[in-house]
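# fold the following.
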Amino acid sequence: MKAKAVHKLSDEELTIEVDTLRKRMFELKNQSVTEKIQDTSQYGKIRKDIARLLSEQSVRSTSTQGKASSQ
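The predicted structure follows:
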């Protein structure tokens, strides 16, 4: 998921996407225990996507707090 796509998501969609990616990461870890994973680069991609989404959530929450405190 690219940063431009993340910026377009609503707050609710960000939360849903983070949950989905965390579930996917859990499934990958379980899969690695029970069987061989062919594309191990998925770990890094999912971790980076989660970080991207959480960063956007953090930026949005600090910007709304900044607006509220300045009023």
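
# point out where this protein drops to low pLDDT.
By pLDDT under 70, the low-scoring segments of the chain are 70-71.

# got the contact list for residue 28?
37, 42-43, 46 (C-beta atoms under 8 Å, 6 or more residues apart in numbering). Where you see a C-beta, it was placed from the backbone N, CA and C, and this is true even at glycine.

# I meant residue 24, not that one.
Contacts here follow C-beta under 8 Å, 6+ apart; on that basis residue 24 touches residue 46.

# tell me which residues of the helix or strand containing it come out buried.
Element membership for residue 24 (DSSP states H and E) is helix 11-34. Residues of helix 11-34 classed as buried by neighbour count (16 or more other C-beta atoms under 10 Å): 14, 17-18, 21, 25.

# what packs against the next helix or strand after that helix?
Where DSSP H and E defines the elements, the next helix or strand beyond helix 11-34 is helix 42-70. Contact partners of helix 42-70 among helices and strands, from 3 or more C-beta pairs under 8 Å, 6 or more residues apart in numbering; DSSP states H and E: helix 3-8, helix 11-34.
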